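J.: here is the input, now give the coordinates:
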Amino acid sequence: MKPGPRNLITDVPGLIVGNAHDAGLRSGVTVLTAERPFTAAVHVMGGAPGTRETDLLAPDKLVQEVDALVLSGGSAFGLDAASGVAEGLRAMGRGFAVGDIQVPIVPGAILFDLLNGGDKAWAQNPYAGLGRAALSAAGAEFEIGTAGAGYGAMTGRLKGGLGSASAVLESGLTVGALVAVNALGSATVAESAHFWAAPWEIGREFGGFGPAPAYPAQAEPKPMKRMGEATTIAIVATDAALTQAQAQRMAIAAHDGMARALVPSHTPLDGDLVFAAATGARPFADPLADTFALGHAAAACLARAIARAIYSASPLPGDLQPCWAHHFGG
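T.: Numbering: from 1, shown residues only. Model prediction:
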């Protein structure tokens, strides 16, 4: 397993990502889309999720493909970001055909960043506009760290952010992850600079510090944020030809990467969620071996993407938490 050329989810051919943020709001939106609809699924393991159209992604539902997936800040207000994306896609002629009407299918998920110091006293919900702006910005290259849906994110100790990573498997399949990290837990071990995700790091993509020398196994982590302030939302993607049920299995496996990279994760106060996306460009050579490998790669990519989000965060005036680079002098 090796990273793709960008080490971004857009190493999966055909996928593009766009970010938009508002500095005064201290929040933003990230959109993943493609030239044509793609298979998607979802799995939720957090106790406090905020979602739009996720029921459509069950394998027994009519719609089997989507036009975009949206990650947004803003708590429940951020669900409106998907409306802006749907509006933009409709203007492009995209969507599920119902008679002579095109209805873009745009599932989304949100994280809570309403108490991060930004100006939330808006007269009109800004997230639809941010969603449409993120769609307009979509391309193969995009910023990670303090960007998009991770612009105003925080974690248990350090500033959160947007992360991404990719892997090319021996079979030729590509896997990628995209994540907005706003977790109740921490991505680093105790008070050290070491990331929980260190065993899965490739090269020095988040500093190359390796695993922490020691950690007291009996330590009991305590919530560092108030109820409802958390959530890590992610997308894992591949160019494999997956059914919706197979995509859901990949999303389930990817949650292992979240648990490896954030301690604690999947708490009652987080809305932890993973979408899966499959473009279908590459058929399986060995269905059993390839699906096995995809699950492992999705988990490893998500763990790496979470660490990269924290590692890449940059300081802004008024931050309530230090970013990793500032705190540890990286």
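J.: other SSEs contacting the top helix by length along the chain?
T.: If you go by DSSP state H, the chain has its longest helix at helix 287-312. Applying 3 or more Cβ pairs under 8 Å, 6 or more residues apart in numbering; DSSP states H and E, we find helix 287-312 packed against strand 161-168, strand 174-181, strand 232-240, helix 244-261, helix 324-328. Every C-beta, even on glycine, is put in place using the N, C-alpha and C of the backbone.
J.: dump these to CSV, plus mean neighbour count, distance to L57 and mean pLDDT.
T.: As requested, those are exported to CSV (neighbours: other Cβ atoms under 10 Å; distance: least, Cβ to Cβ, whole Å; pLDDT from 0 to 100):
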stretch, mean neighbour count, distance to L57, mean pLDDT
strand 161-168, 29, 21, 98
strand 174-181, 32, 17, 98
strand 232-240, 30, 12, 97
helix 244-261, 23, 7, 96
helix 324-328, 19, 33, 88
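J.: relative to D60, which of these is closest?
T.: helix 244-261 (8.8 Å; Cβ to Cβ).
J.: tilt between that closest one and strand 174-181?
T.: 60 degrees (axes from the mean of the first three to the mean of the last three Cα atoms, to 10 degrees).
J.: same for helix 244-261, what does it pack against?
T.: Judged by 3+ Cβ pairs under 8 Å, 6+ apart, helix 244-261 is in contact with strand 27-44, strand 232-240, strand 273-282, helix 287-312.
J.: for the chain, which spans come out with low pLDDT?
T.: 215-228, 330 (pLDDT under 70).
J.: before we move on, what SS does D55 have?
T.: helix (DSSP: H, G, I helix; E, B strand; the rest coil).
J.: now it: how far from V63?
T.: For D55, the distance to V63 (Cβ to Cβ, to the nearest Å) stands at 10 Å.
J.: the helices in the stretch 101-250 of the chain, which residues?
T.: In the stretch 101-250 of the chain, the helices defined using DSSP state H, counting those that start in this stretch lie at 127-136, 244-261.
J.: would you turn those into a markdown table with distance to A183?
T.: Formatted as a markdown table, the helices of the stretch 101-250 of the chain follow (distance: least, Cβ to Cβ, whole Å):
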| stretch | distance to A183 |
| --- | --- |
| helix 127-136 | 21 |
| helix 244-261 | 8 |
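J.: out of those helices, flag the one nearest T188.
T.: helix 244-261 (9.9 Å).
J.: just the C-alphas of that closest one, formatted as CSV.
T.: Taking C-alpha atoms only, helix 244-261 is exported to CSV below (Å, rounded to 0.1, in the frame of the first residue of the first chain):
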residue,chain,number,x,y,z
GLN,A,244,-24.4,-0.2,-2.1
ALA,A,245,-24.2,-3.1,0.4
GLN,A,246,-20.5,-3.5,-0.3
ALA,A,247,-20.0,0.3,0.1
GLN,A,248,-21.7,0.2,3.4
ARG,A,249,-19.4,-2.6,4.6
MET,A,250,-16.4,-0.4,3.6
ALA,A,251,-17.9,2.5,5.6
ILE,A,252,-18.3,0.2,8.6
ALA,A,253,-14.7,-1.0,8.4
ALA,A,254,-13.5,2.6,8.1
HIS,A,255,-14.8,3.4,11.5
ASP,A,256,-11.9,1.3,12.8
GLY,A,257,-9.6,4.0,11.5
MET,A,258,-11.5,6.6,13.5
ALA,A,259,-11.1,4.6,16.7
ARG,A,260,-7.4,4.1,16.0
ALA,A,261,-6.8,7.9,15.5
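J.: just to revisit the earlier point, most tightly packed of the helices and strands packed on helix 244-261?
T.: strand 232-240 (a mean of 30; mean count of other Cβ atoms under 10 Å).
J.: that strand versus strand 174-181: what angle between them?
T.: Using the same axes, to 10 degrees: strand 232-240 against strand 174-181 is 170 degrees.
J.: report all helices and strands that strand 232-240 contacts.
T.: Going by 3+ Cβ pairs under 8 Å, 6+ apart, strand 232-240 lies up against strand 65-72, strand 174-181, helix 244-261, strand 273-282, helix 287-312.
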